[in-house]
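>>> Give me coordinates for this.
(one chain, ligands or ions: 2)
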Amino acid sequence: MTKGGQNISLVWDKPPPEPKWKDILEGAMAVAGIAASGYLIYVMWKQREISSSLSERIQDQVIGSIDSAKKDLAARLKRPELATMTLTPHEAKIISDVVSADDLQTSFEDIGGMDEELEQVRDNVILPFQMWKYLEGEAGSVSPCPTGVLIYGRPGTGKTLTARAIAKEVNATFISIKASTLLDKWLGESDKLVVALFSLGRKLAPAIIFIDEIDSLLKKRQNSGDSPGMHSMQGALLSEWDGLRTSHNAPVLVLGATNRPMDIDSAFLRRMPLTVKTQAPNQKGREEILKKLLSKEKVDPSLSLSVIAEKTPNYTGSDLRELVRVAAIQRVKAIVNESKAQAPKLNVNGEKIIQTPQKGDFFNMRSINLSDFEFALTKTKCTGAVADDYTSELIQEEMLSKQAIADSVSNFFYNLAKKPTKDDDEDDDHQVVPDVE
Ligand SMILES: Nc1ncnc2c1ncn2[C@@H]1O[C@H](COP(=O)(O)OP(=O)(O)OP(=O)(O)O)[C@@H](O)[C@H]1O
Ligand SMILES: [Mg+2]
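Ligands and ions are numbered 1, 2, ... in the order given. Next up is the predicted model:
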């Protein structure tokens, strides 16, 4: 380089600085970090937006389904005012178990052999339920309507039938729920369902809350093996039950049915002071039940129902229903067999067509007769008899097999004792040959 004719050479005091790769790397990493966190924040924000719109949509769906459940219920119960009532999601869960009294097909007319029990129900449940509006205040401070009734008895003796008939007779909304529906596996859910059941009952009053298999819900509480959920659900049930105020409000009745009343805690038994026992009917009861079961059937006039009743000791109402079913189906079988027995027709190709009965063949079926019942009696048994027969069959088989083992063991020892030993052989060798003269 030239300056004023002089040659100047540039001389660095220090060597030019080396690029600091470490700093560059650190800077780049910082920028990348900022970008990543920015992206993360953006993703999270987007996620939140999506999930909130999703939860809004779910909420809309829940509200929508509750609304349609309410409308459906209002239509079923023919009570338009119910379409605008408020309903919790737990109450909505129970709505499918609500039945209108108009839709119940069973009445006291269909129940046979329970005259005394039905009389008791008429006086203590039907009458106060039908008259509650007039009796309130007039009958003093004691509410005329019971809040708990227990129907108990052997399987198939008409507990469910009676409960449905009671709801029909009092013209009440019938909430029929199985104990298992209330026993939700999630902790706290059962309590909420119980609260919802009672609050729904109050909203739909006059109502009957029918809990089938109620023993599994109300079992004795000293049992340490029970889950804490069960204890808390039972607590909720007790307080809801006590909160059923019938005065000034339409009545709500809890109707329980069980085969095992002995398993129910006394705290609950106390809340069901009115009990109805269903039992296997006596001969007169069986005849009555048969008459009810056959009331809409064509029956041969010579058929004596008292004879059938005599031949069916220990049969429950449910066993008799099965007997009638098997007897009635014999007429159908006869029609099918008749048409099978006809000479086969030929189709256009000359192939044989097996005859099958037509709808019209069943229009005028013959009446049910004694031989149908005699056949049915050979095919049906009273409840428990099948299990009893099978148990005795197993016991007999076990005894026979034990006998067979004992026989084979004794045969073995007998043969062992009989088998000639070596000594015997030797003895045989030295048999004393009698002198032959
Ligand atoms: N007393 C009765 N009169 C007329 N029919 C009866 C009677 N008892 C039972 N039945 C017939 O038996 C069927 C079954 O009865 P139901 O379901 O009421 O018995 P249940 O006692 O509730 O039995 P489970 O303990 O098994 O629940 C009824 O639908 C009905 O057809
Ligand atoms: Mg039942």
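>>> And the residue nearest the centre of the chain?
Among the residues of the chain, Lys178 comes closest to the average C-alpha position under Cα atoms, centre = their mean, at 5.9 Å.
>>> Dig out what that one forms beta bridges with.
Asp212 (DSSP bridges).
>>> List the contacts of Asn347.
Ile353 (Cβ atoms under 8 Å, 6 or more residues apart in numbering). Using the backbone N, CA and C atoms, a C-beta is placed for each residue, glycine as well.
>>> all numbers from here: first residue = 20
Sure thing, new numbering starts at 20, so read that last one as Asn366.
>>> Hmm, the residue nearest to the centre of the chain is touching Asp231, no?
Yes. If you go by Cβ atoms under 8 Å, Lys197 and Asp231 touch, sitting 5.3 Å apart.
>>> Residue of the stretch 320-456 of the chain nearest ligand 1, please.
Gly336 (2.1 Å; Cβ to the nearest ligand atom).
>>> Could you do the stretch 70-219 of the chain as well?
Counting by Cβ to the nearest ligand atom, the stretch 70-219 of the chain gets nearest ligand 1 through Gly177, at 2.9 Å.
>>> What is the burial count for that residue?
The number of residues packed near Gly177 is 28, by other Cβ atoms under 10 Å.
>>> quick one: contacts for it?
Taking Cβ under 8 Å, 6+ apart as the test, what Gly177 contacts is 130, 133, 297, 335-337.
>>> Recalculate using a threshold of 6 Å.
297, 336 (Cβ atoms under 6 Å, 6 or more residues apart in numbering).
>>> right, and the helix or strand after the stretch of helix or strand Ser195 belongs to?
In this assignment (DSSP states H and E), Ser195 forms part of strand 192-197. For strand 192-197, the succeeding helix or strand toward the C-terminus, using DSSP H and E, is helix 198-201.
>>> and that following helix, does that touch ligand 2?
No. Contact of helix 198-201 with ligand 2 is not found when judged by Cβ under 5 Å from the ion; the minimum separation is 11.6 Å.
>>> One more: stretch 296-314?
No. Using Cβ under 5 Å from the ion, stretch 296-314 stays clear of ligand 2, with a minimum separation of 9.5 Å.
>>> in the stretch 320-456 of the chain, which spans are helices?
Secondary structure of the stretch 320-456 of the chain by DSSP state H, counting those that start in this stretch: the helices cover 324-329, 336-360, 389-398, 404-437, 441-448.
>>> Would you format those helices as JSON lines with mean neighbour count included?
Below are the helices of the stretch 320-456 of the chain laid out as JSON lines (neighbours: other Cβ atoms under 10 Å):
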{"stretch": "helix 324-329", "mean neighbour count": "17"}
{"stretch": "helix 336-360", "mean neighbour count": "17"}
{"stretch": "helix 389-398", "mean neighbour count": "16"}
{"stretch": "helix 404-437", "mean neighbour count": "10"}
{"stretch": "helix 441-448", "mean neighbour count": "9"}
